[in-house]
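K.L.:
3D, please:
(one chain, ligands or ions: 1)
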Amino acid sequence: MSVQFPFSAIVGQDEMKLAILIAAVDPSVGGVLVFGDRGTGKSTAVRALAAMLPKMRAVVGCRYHCDPEAGGSACEDCKALKLAGTPVKSHLIPVPVVDLPLGATEDRVVGALDLERALSQGVKAYEPGLLARANRGFLYIDEVNLLEDHLVDLLIDVAASGENVVEREGLSVRHPARFVLVGSGNPEEGELRPQLLDRFGLSVEVKTPTDLPSRIEVVRRRDQFERDPAGFTEKWKKEDERVRRSIVKGKSRIAEVLVPDAALERAAQLCMALGTDGLRGELTLIRAARALAALQGAAAVSDEHLKRVAPPALRHRLRRNPLDDAGSTVRVDRAVAELFGA
Ligand SMILES: [Zn+2]
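P.N.:
Alright, predicted model coming up:
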């Protein structure tokens, strides 16, 4: 595997880094949508984060790299092995980041059932697809707005349920597919339907830095990295290690983080002020705030956590307001300032 640009060395893009960290700590926030121009390194942060995560223990030979401790969420093959009492061999593998290329067929994504073989030989001939490879990792879609709606829908469904079910003419196969969905979009190339937008947990905007010092720093680090990847990575190792520890700890303590009634009330007030449809916004806001609290080692969700995650949790859920042509980020910021005080 080639050396990955260190996560901590990415200049700026704080909101995107935060969104991915939150999704890594609590994948149930739903996927992350990254909007930005070409060449802003949208996929760098995802790859850098995955490379930084501790390797995961997986069953040798399992096509879905199940966790040997998985129990109920393991695939059928692993469950059968366990039931038969067969000793299971495991090894450590890197957290997968799978790219979903544009133009990928549904078979390639969900896997292919060979009906002919199934009928003639009576075996379940199933060739796993990209969703199988992404299990327990990240699925990255470049230009998600150019993907067919039904495919986006399907991906969000699988990401939410953690299971891929393939059904063809009365045959069916299911396997675990838990992954963090990260979709990038170029705002100039087609829009996502609002119904699909709303199904992503967080959305962030990435821009090329406009201030001189940041631009210089981006180029300087890139150049240093490309000239001496090992040395550059070594320089950032400590900082990456600190982030890694916060993720591991965040995951282990998220279940204990308290969500006080006051926080629930604030979240509801904010969503009402912004007129977001349904309850998904509030739920995501609370979950993201809780993941942030866990990352920071806080015991409970506070106003600060809610304020910080409000823009990525809500900006893609606003309806167009004909009387207000301000951008959605401005509208969220304004509502936050009104509710929490500047
Ligand atoms: Zn398995």
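
K.L.:
let me see the ranges of the strands in the stretch 1-150 of the chain.
P.N.:
For the stretch 1-150 of the chain, the strands defined by DSSP state E, counting those that start in this stretch occupy 32-36, 56-59, 90-93, 97-100, 112-113, 126-127, 137-141.

K.L.:
contacts for the first one, please.
P.N.:
Spelled out, it's strand 32-36. With contact meaning C-beta atoms under 8 Å, 6 or more residues apart in numbering, strand 32-36 is reached by 16, 19-20, 23, 42, 144, 180-187, 192, 197, 200-207, 312, 316. (Glycine included, C-beta is placed from N, CA and C.)

K.L.:
can you check which of the strands of the stretch 1-150 of the chain gets nearest to the ion?
P.N.:
The ion sits nearest to strand 56-59 of all those, at 5.3 Å, using C-beta to the ion.

K.L.:
could you give the mean pLDDT of that closest one?
P.N.:
Mean per-residue pLDDT for strand 56-59: 96.

K.L.:
that one: how far from the chain's middle?
P.N.:
Centroid separation for strand 56-59 versus its chain: 20 Å, with C-alpha atoms, centre = their mean, to the nearest Å.

K.L.:
repeat for stretch 268-286
P.N.:
Taking C-alpha atoms, centre = their mean, one finds stretch 268-286 lying 20 Å from the centre of the chain it belongs to.

K.L.:
then stretch 171-183?
P.N.:
Worked out by C-alpha atoms, centre = their mean, stretch 171-183 lies 13 Å from the chain centre.

K.L.:
now swap in stretch 236-253 and tell me
P.N.:
Counting by C-alpha atoms, centre = their mean, stretch 236-253 comes out at 17 Å from the chain centroid.

K.L.:
same question, stretch 26-34
P.N.:
Put simply, stretch 26-34 sits 4 Å off its chain's centre (C-alpha atoms, centre = their mean).

K.L.:
give the buried residues for it.
P.N.:
By neighbour count on 16 or more other C-beta atoms under 10 Å, the buried set for stretch 26-34 is 26-27, 29-34.

K.L.:
Pro128: neighbour count?
P.N.:
19 (other C-beta atoms under 10 Å).

K.L.:
circling back: show me which of the contacts of strand 32-36 are buried.
P.N.:
Counted by 16+ other C-beta under 10 Å, those give 16, 19-20, 23, 42, 144, 180-186, 192, 197, 200-206, 312, 316 as buried.

K.L.:
tell me which of those fall in strands.
P.N.:
Residues of these located in strands (DSSP state E): 180-185, 202-206.

K.L.:
about what we covered before: of the strands of the stretch 1-150 of the chain, which approaches Arg215 most closely?
P.N.:
Among the strands of the stretch 1-150 of the chain, strand 32-36 comes nearest to Arg215, with 15.3 Å by C-beta to C-beta.

K.L.:
what angle separates that closest one from strand 179-185?
P.N.:
For strand 32-36 against strand 179-185, the angle by axes from the mean of the first three to the mean of the last three C-alpha atoms, to 10 degrees is 20 degrees.

K.L.:
what residues does the stretch 1-150 of the chain have near the ion?
P.N.:
62, 64, 66, 75, 78 (C-beta under 5 Å from the ion).

K.L.:
number of nearby residues for Arg193?
P.N.:
Neighbours around Arg193, by other C-beta under 10 Å: 12.

K.L.:
leaving out the residues flanking it, which one is nearest to it?
P.N.:
Spatially, and ignoring its direct neighbours in sequence, Arg193 is nearest to Asp149 (6.3 Å; C-beta to C-beta, 6 or more residues apart in numbering).

K.L.:
if I look at that neighbour, how far off is Ala298?
P.N.:
For Asp149, the distance to Ala298 (C-beta to C-beta, to the nearest Å) stands at 39 Å.

K.L.:
which one of the ones in strands among the buried ones among the contacts of strand 32-36 is nearest the ion?
P.N.:
Once C-beta to the ion is applied, the member of those that ends up nearest the ion is Val180, at 19.5 Å.

K.L.:
could you check the pLDDT of the closest one?
P.N.:
Val180 is assigned 91 on the pLDDT scale.
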